[in-house]
Every structure is written in structure tokens, then in C-alpha cells.
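> got a sequence here, can you build the structure:
(chains A and B)
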Amino acid sequence: MTTLSTPPAPSAPAPAARPVGPGGGLGGTALGLLRRREVQLVVAILGLFAVCTALHPQFGVSSNIAFILADSVTIMIVAAGQTFVVLGRGIDLSVSPVLGIAVIGTGFLAQDNNLNIWLALLLALLIGAGLGMGNGFLVSVVGIPPIIATLATLTIYGGWQFIICGGQSVISVPAAYNNFGNANLLPVVPWLVVVGVGVVAVAYFFLTRTVTGRSIYAVGNNADGAFRAGIPVRRVLFTTYVICGLLAGLAGFIYLCQIGSATSTTGTDSNTNLMSIAATLIGGTTLLGGRGSPVGSALGAVFLSEALQAMISFRINELWDPAGVGVFILIAVVADRKGAPVRQMFRQSFRQPTRPAQ
Amino acid sequence: MSSANNIGGLVSSAVLQSARYVGKSITKSFDGALVLSQVDITFEPGEIHSVCGENGAGKSTLLKIMAGVYQPGSGELLFGGNRLVGLTPRTAQQRGIYMVPQEPSLMAALSITENLFLGILRRGRLRFNANWTSMKREASAYLDRVGLDIDPQVKAEELSVAEQQLVECARALVHRCSVIFLDEPTSPLTGKEAGTLFEVMGSLRADGYALGFISHRLDEVLAISDRVTVLRDGAKALSAPRSEVDRAGLVRAMVGRELITRERVRAHTDAVGRKEMLAVENLTSLPHFEDVSLSVRQGEVVGLAGLVGSGRTEIAETIFGLRPADRGTVRLEGKLLGHRTPRACIDAGLVYLPEDRGRHGIFAEVEVQRNVTAGVIPRLERFGPLISPAAERAMAEEATKKTAVRMASLGTLMKSLSGGNQQRAMLSRWLLAGPRVAIFDEPTRGVDVGAKDDIYRLVGQLAEDGLACVFISSELGELTITCDRVLALYEGHVVGELSGAEITDTTLGALVVGAHLK
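Modelled structure (predicted):
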């Protein structure tokens, strides 16, 4: 049947590739598009908006829209960073105090020494990246599991935040900060939203179009396979934590401009950890790594902000907010593509891996 | 049945006699790759039934299905005449089927007693308390039964692997199981420890237990079995009473893969005088292999023939920088590769297609396109820092066309391709790296028959184009049709080299089973 010079060609009786599974593929039909988490979230955001506006016309006014968007920016940026880590099959529980230290570190200098706003931005980024390096070192060099390493730094960084504050609080910042934090580009579009969208766009292109970004997906999907494909696994993981810290620092700067005050528990008291992880999971990034996008996480942040605002409209006590966020996390994880990851988690923890070990 | 110990709860011989366990036409696939196809197997009371085969032949999967770890894709399980449906490890144990896993899975920080009775702790008079006194007494008796003279209060972590395995056997008895499977129990054991295990297995057989035993060590299989089943590529290749098989017959069944063609892919190439592309000298990584030297010239296909445990994969992984070498050198086109990492090897022009595609190769949840370009991400065409999607797509398109990957589109997720197409995509990945030397480790494992033929021809074509190839395989037939030279490995040593017309199934078969040493 074979001869020497025949170039390899498909032999006749071969099974064709099976059809693409749900959600698979770069392109897709209308139905396939609806299975994408980003599209589902846009539908959910618009749907919730329509329902709330119908019941409470006040919900639909432009100032409320602007508020919802601006309110989501901090979490949007932290969640973009969290997405990097989760894509690499990790988790960062220390973003609360990283954001907190960036806020108070720059806040005190701004309040007491009238620090230039650009220098404050630079300082916040440096603080974030530095603390992120700590996490990256523990996970990728020392080899501590991410959940434990960042739980430890959550406490360590949280302690530093108290020490830096020394019982003081940031009460007010120079006008330049407030102006930036509360100015609108258009009547409905605050400047901060432009920053948030810009960060998410850069994150998106970084993840999908750069060497490091592409390596993050590979490492999160199959670290062993990635190493064998020549990808420097540890360096890639380290990078994800630095980027996560950097973006938490940036979010701290934005928080300072927006709110103008800070205390020793800033970041922690607003549940930054929970919110950023929630936005990431709601956005379709799985904790199993290797799948998801910062665009989904950003939409997740907007959805959360909108839902919490809706709860206010319906006069639900804000004490219920965390419970509401938790419910959204559960819905998002269960709805995740036929619930496969959930089943997989069960299989992995209680039974054998889905593949036979050979 | 030995009743010297008078243990409460040992299974009566009447129950043992009725415990015949039958698997009928069992079929199973993982991620599109068929791992078991229509396998029938019967475990009879009072018999040791060995299941052997190469890596990936499906032996572990078969027993795991019968022990409830995996669900069969199709087929049925009959235990003592009753059909078992939706079996889990727990219900299997309740029925009397116990699997001693490849790695002992005792709870390290718990005592032997507690490990033995885990899940069925004996209650005391108050009902909510545990009756440790009676359990300790029983535990000693059970340990005695498996030939262990150890205080049952010792923690499991203080036991050697061999002792842990015997405790697992005792655990099967405590749970009144009548069918006991052992998955490659001897691979971590010394010869003497294995001897003890075989004695225990023999005495359990004498009591009427049905034992299933997985091993790739043919001496063991021949020494202790009453019946042998050989699996090859997920199908039953042989099943016969021990008296009807010999060593040569087993090897033939294990490695005699059906080939569409017995014709050579290309004429034998005598590469003497051509440029030496890969030179490995005295490479050693104990205890896996020692003093392995090999040389591959441009356009030459050199085979590494060896059964499981011969060190074939370890050699490849050491060359590719995945394992440290104790000593020895690797030269690529005369240049020494000192500190080897996969990245350094790839950049130097050496690629390695791993044996275990699922664990070490593919990114299952990622599109085919990105799977294919994963080895060359830093080399993709870029505008500033951004990779050009169009250029990448064109690159992946061309590479997958060359290896004839059949898929809906480049955007298809890798996990939805069949095994053969996944392997073709992996080949495209490595071809994109522009290698001058390629190591193919069992490239046709878990691949459908038609695709195997394509892979042989592809390797032949690549060699024609000048690629220096190392072809690792346990399937001697495929080495005879693809290779210009073959080195035979036996227990970590090169035991022979054949070239040209000397390469036949028979000559290779004798070398890889160590016949010259007997």
C-alpha cells in the first residue's frame, strides 16, 4: 500500500474529527456565541438593567449608570490582575492588603507632603509590583502552594498596613487627586472608566498576543507539557503574581483618587479579595487554570457593581452584599459550560484523575 | 481455608467459591482515545490471573473499571452471576472486590489497625464508641495471615512500601473481599520482598480467593500465574492457562502489533560518512540506565527497542534535559549540550515527542492552533510586542497540513480530536520548531491503525528530507519497517545493535527480552 516516495497523505478510511464541543473554537455560530461567558454577561448586565429600570425609573438615570461604572473600576482592575494568576492555575488572596498598602503609602505622602499625582501613580505601581514579587517568589521559587503562600502574605501585608498607618488615617488628598477621580469624559463616562477599559484592553492583548501571555495559558493548562514545550514555567508563574500585584497597586491609586481617604483596613474592609475572585470566576475564568479572559472578569466586575446597586434600589440592607456576591459565584461556577469543571473538581478530589496514570 | 488464627469475618469457602468475576466486552475511551476495546476477562476463585501488556495497553484501566474506579464506556460486569451497575470503589468493596493500588494509599498518620478497619470500625457496647481492643486483636490476626509480624498500633508511615502493600492485602481480608486486584505491586519492591508478596498471594489462592495481578515482569507472571491475559492497544491479544504459554509467546502477544503493511517505509539508508547529528556518550542515570551511547547521522532513523522498564523513555528524557544525568555527554552537530533544558534543546535543534501525550504533550482545553505553535511562541512573527494572529494562523495551517491533521478548524479544542489527530498535531508542533534531530517516543501509542501508517510514512519522509530521527518503540514490527539501525535495550543497557536487513522481529525480540543473558 505504501511506496517510498508517496508524501504523507490522509489514508482513505480515517474517521473525521468530531464536531467542535460547546464553547469551543475561535469562531462559531450564533448559538456558539451565546455560550461564551462574555456574551452571557453582557446579556445579563443589560437584562438586569432593563428590569431594574422598569421597576425603579431612577435606576436608569445617567448619573446612576456613571456611578455603577465608576464603582466597578477598582474591582475591574484588581480582577484583571487576578485573572493572570488564576489562568496560571493559582490564586492571590493578598490583593486586599496590597491595594491597601498602595493606598495608604501614597495617601500619607499626598496628604502630608503634597506628592505629585504622577509620582503617586508610580509609587503605587512600585509598591504593588514589589509585594507581588513576594508572592511570586514564594510560589515559583520556594514552591509553596499559591493558596497557602498568599494566605500568609495576606496576613503579613495586612500587618504591615497597620504598622505603616501607626494609628493614623488618610483624611484628605490634594485637589488634583479628587479631580482626576471624579471627572467625567462624557456626561455618562467617568475618566476612571476609560482607565479601567484601557487596562483591560492592555491585559487582553498581553494575554492573547504576547509571548509571556500565551505562555500563561499553556502553563495553566498543563504545566508539565508547557515545560516540555520549552516554556520557562517558573518565570511565567512569577510574572503572573507580579502583574497581579502591579494591578492591585494601580487599583489602590485609583481608589485614593476616587475616595480620597484611607485607613489601616482599607482594601480588607471592602472585601477586595472576595470581589476580585468573584468577578474573575463570574467572568468565566476557571480555577483549574488555562481558560478565561480579563474581558470576562471586567464584565463580571460591572455585573457585580450593578447587582449591588440594584440591591440598594430594592432597599435590601447592605449587610446582605457579601451573601449576594457568594450566590453569584455559585451560579457562575455551576453554569460554567455544562458544569464540567465542578464535576471535574469532584473527580479530582475524591476519585482518580480523569486520565489513567501510566 | 486456614482457620488457625480463628479470625472473625474471614470469608467462608462457600462464598469464595461462588465469587466468579466476569467482565464482558468492556470498552472505554479517554479524551477521544480508545483505551479498551471489547475486552472479555474472567477471574476464577482459587486462581491467580495475570494481566500483562506494554505501557498504555489498558491493563490498569481494565482492572480499575472492574474495581469501580472508572465507569466502563460499554460492556457489563457480572459478579457471582449478578450484574453490577454504577460500581464505585466503595460499592465494589462492599460486594467483595478490592484493588491494591499501584501506590499504596494508606493514611500515613493513622495506625495500622485504624487503616485496616477504615470505613467499618467495630463499635463498642455503647454503639457510638469504637471497640479498639477487639480491633487490635483482629488486626494482629490479619497481619499474621499476610505474614507481617508488626505491632498493629504502629503508624502506617513507619512501614516500608513492601509492608504497606501487605497491609493493603490484609485490608482486603478485613473487608471480606473475595476478589483482590494488585496493580503492578512489585515495581517498587526488591526481589526478596516480591518473594514474600508472592507467598502471601499463593496462600490466598489456596484459600480460594480470586486474584488479579498486573505486571510487566514476565518472569513473575510465568512464576505465579494460573492464567494469563495479554492486552495490546486496549484489545485482548492472548488469554490462556499458564500451562499453554511460554515467555516467547507472551512477548509475541505483547509486541506483535498488527500492521497494515509489513513493507518498509523506505529503503535502508546507509548513513556512514554523513554528518553526525546526535552523539550520546556513556550517558548514565542510575538506576534507570547506564553507559548508553548512540549516534545518529543526517537522514538516518535509529530505533531504540525495549520493553517497559528497559529505560527507553528515561534515556530520551535525560537527553532532552528533563532528568539529570549522573555522567555522560550529549553532542548536537558536534557541539556539546552542557546544561540541558527543554528550551535549550529546542533552540539547538533537538525536539522530543513524549510517550504520554495526555500528560506531557497536549493542552486539552486550548485550540489546535495554539497547541501547534506552543513550542515556538518566542519565534512567532510580531509587530512590536504583539504576536501577529494572521501569521501564526498561516504557520499553524501549513504545519497541520503537512501532518494531515483532521479537524473541524484550527479553532477546534484539542481535547475533541481523536488520539491519532492529537498525535499529528503534536508532530506539527515539533516540526514547526525546525528540528535537525527528533526523538519520537512511542509515536503510535493510542493511535488508530490508519494514522499509524501515516506516522511511519511521515517519519520516513522527514528522514528523506535530512532529519536525524530516534524512534523509540516496544513494537518491534514498526521498528523493522521504519529504522535503518536499531539499538536494543534491556534493563538499562544497550545489549545489541542491528542494521539493515539484520533487523527482524525475531532478532530484536531475542535481544529485548534478554535472551542472550539466559
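> now do the most centrally placed residue in chain A against residue B:25, distance only.
Taking C-alpha atoms, centre = their mean, the centroid of chain A lies closest to residue A:79, which sits 1.9 Å from it. Separation of residue A:79 from residue B:25 (C-beta to C-beta, to the nearest Å) stands at 50 Å. No exception for glycine: its C-beta is placed from N, CA and C like everyone else's.
> pull the number of nearby residues for residue B:386.
Residue B:386 has 14 neighbours, counted by other C-beta atoms under 10 Å in any protein chain shown.
> do the same with residue A:75
Other residues within reach of residue A:75, judged by other C-beta under 10 Å, total 29.
> next: residue A:170.
The burial count for residue A:170: 23, using other C-beta under 10 Å.
> tell me the contacts of it?
Neighbouring residues of residue A:170 by C-beta atoms under 8 Å, 6 or more residues apart in numbering or on different chains: A:103, A:104, A:107, A:108, A:110, A:111, A:256, A:261, A:262, A:263.
> you'd agree the residue nearest to the centre of chain A is up against residue A:301?
Yes - with contact defined as C-beta atoms under 8 Å, residue A:79 reaches residue A:301; the gap is 5.2 Å.
> quick one on the thing from earlier: summarise which helices and strands the host helix or strand of the residue nearest to the centre of chain A is packed against.
According to DSSP states H and E, residue A:79 maps onto helix A:62-87. Applying 3 or more C-beta pairs under 8 Å, 6 or more residues apart in numbering or on different chains; DSSP states H and E, one finds that helix A:62-87 contacts helix A:95-113, strand A:189-190, helix A:191-209, helix A:211-221, helix A:233-259, helix A:272-282, helix A:294-313.
> could you check the angle helix A:294-313 makes with the third one?
So the one you mean is helix A:191-209. 150 degrees (axes from the mean of the first three to the mean of the last three C-alpha atoms, to 10 degrees).
> so where's the chain shaky on pLDDT?
This is for chain A. By pLDDT under 70, the low-scoring segments of chain A are A:1-34, A:336-358.
> please refer instead to chain B.
For chain B, the ranges with pLDDT under 70 are B:1-11, B:31-32, B:256-262, B:449, B:516-518.
> domain parsing for chain B?
Using automatic domain parsing, the domains assigned to chain B come out as B:13-19+B:45-55+B:87-227+B:239-248, B:258-349+B:435-518, B:367-433.
> which neighbours do residue A:79 and residue A:301 share?
Common neighbours of residue A:79 and residue A:301, using C-beta under 8 Å, 6+ apart, are A:275, A:279, A:283.
> and which of those is nearest chain B?
Using C-beta to the nearest C-beta, residue A:283 is the member of these that lies nearest chain B, at 16.2 Å.
> burial measure for the closest one, as a count.
As a burial measure, residue A:283 scores 30 neighbours (other C-beta under 10 Å).
> cool, the one 10 residues further on as well?
By other C-beta under 10 Å, the residues close to residue A:293 number 23.
> burial of the residue lying closest to residue B:247 once chain neighbours are set aside, as a residue count?
Counting by C-beta to C-beta, 6 or more residues apart in numbering or on different chains, residue B:247 lies nearest to residue B:218, which is 5.7 Å off, once chain neighbours are set aside. For residue B:218, the neighbour count with other C-beta under 10 Å is 21.
> so who does residue B:218 touch?
The contact partners of residue B:218, taken as C-beta under 8 Å, 6+ apart, are B:52, B:247, B:250, B:251, B:513.
> so what's the backbone phi/psi at the fourth one?
Put plainly, it is residue B:251. Main-chain dihedrals, residue B:251, degrees, to the nearest 10: phi -60, psi -40.
> next: the second one.
Backbone dihedrals for residue B:247, given as degrees, to the nearest 10, come out at phi -60, psi -50.
> quick one, what contacts it?
In this structure, residue B:247 makes contact with B:218, B:222, B:513, judged by C-beta under 8 Å, 6+ apart.
> export the residues you listed to TSV and tack on secondary structure?
Output for these, formatted as TSV (DSSP: H, G, I helix; E, B strand; the rest coil):
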residue	secondary structure
B:218	helix
B:222	helix
B:513	coil
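> end-to-end on stretch B:313-328?
End-to-end distance for stretch B:313-328, by C-alpha to C-alpha, to the nearest Å: 17 Å.
> no wait, stretch A:166-181
Using C-alpha to C-alpha, the end-to-end distance of stretch A:166-181 comes out at 26 Å.
> can you give me the offset of that stretch from its chain's centre?
On the basis of C-alpha atoms, centre = their mean, to the nearest Å, stretch A:166-181 sits 26 Å off its chain's mean C-alpha point.
> got it, and stretch B:195-207?
With C-alpha atoms, centre = their mean, you get 25 Å for stretch B:195-207.
> what's that stretch in contact with?
Here stretch B:195-207 makes contact (C-beta under 8 Å, 6+ apart) with B:1-2, B:13, B:16, B:46-48, B:146-147, B:162, B:165-166, B:169, B:180, B:182, B:185-186, B:189, B:211, B:213, B:220, B:223-224, B:226.
> what's the following helix or strand after the strand or helix carrying residue B:373?
Per DSSP H and E: residue B:373 is located in helix B:368-373. Counting by DSSP H and E, the next helix or strand C-terminal to helix B:368-373 is strand B:382-383.
> what comes into contact with the next helix or strand after that following strand?
The element immediately downstream of strand B:382-383 (helix or strand, assigned by DSSP H and E) is strand B:386-387. The contact list for strand B:386-387, computed with C-beta under 8 Å, 6+ apart, reads A:205, A:209, A:210, A:211, A:214, B:377, B:380, B:381.
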